[in-house]
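Enquirer: Prediction below, plus the sequence it came from.
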Amino acid sequence: MEERITDKQLDALWKETHRCHQPGCTSVSLLTTLQCDHCREYFCTRHQLPEVHGCGGAARQQAHTEFKRDQRQPTGSAEPMSDQQRQVLQSQLRSNIKAKQEARKKKKKG
Ligand SMILES: [Zn+2]
Ligand SMILES: [Zn+2]
């Protein structure tokens, strides 16, 4: 005997998979529901942060191990930035910000 899954059942299954896993939260949206890297559960935009739904410890631990891994790597031949280089970078950053601000102004007007 073949068991058929109805559209309704499929819909319920889909909602169950993509519903925010935070207790009490009923947000269901494929577009805004995101999977947590730590617990592999789905959360809405409000609860996607590890700290919010209870994965803060796992997230911190991961960040810690990544930090450790980074430290173990040889620093290579990176030289400290010269004053001149720093000034060039700063002016580049400033003109970047200015361009963004100008673009925003134009958008507001239109
Ligand atoms: Zn999580
Ligand atoms: Zn939620």
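Expert: In hand now; what should we look at? Residues are numbered from 1 along each chain as shown. Ligands and ions are numbered 1, 2, ... in the order given.

Enquirer: what stretches of this protein score poorly on pLDDT?
Expert: When residues are selected by pLDDT under 70, those of the chain lie in 1, 30-31, 71-79, 108-110.

Enquirer: mind redoing it with 80?
Expert: Under the criterion pLDDT under 80, the flagged ranges of the chain are 1-3, 14-18, 28-33, 67-81, 106-110.

Enquirer: For it, which residues are neighbours of ligand 1?
Expert: Those residues of the chain that sit near ligand 1, judged by CB under 5 Å from the ion, are 36, 38-39, 55. Placement of C-beta: from N, CA and C, glycine included.

Enquirer: swap the cut-off to 6 Å and go again
Expert: By CB under 6 Å from the ion, the residues of the chain that approach ligand 1 are 36, 38-39, 41, 50, 53, 55.

Enquirer: Neighbours of Arg19, how many?
Expert: 18 (other CB atoms under 10 Å).

Enquirer: got it, and Lys105?
Expert: If we define neighbours as other CB under 10 Å, then Lys105 has 10 of them.

Enquirer: how much space is there between it and ligand 1?
Expert: 40 Å (CB to the ion, to the nearest Å).

Enquirer: And the strands in this structure?
Expert: 34-35, 42-43 (DSSP state E).

Enquirer: Check which helices and strands the first one is in contact with.
Expert: Put plainly, it is strand 34-35. Of the remaining helices and strands, those touching strand 34-35 by 3 or more CB pairs under 8 Å, 6 or more residues apart in numbering; DSSP states H and E are strand 42-43.
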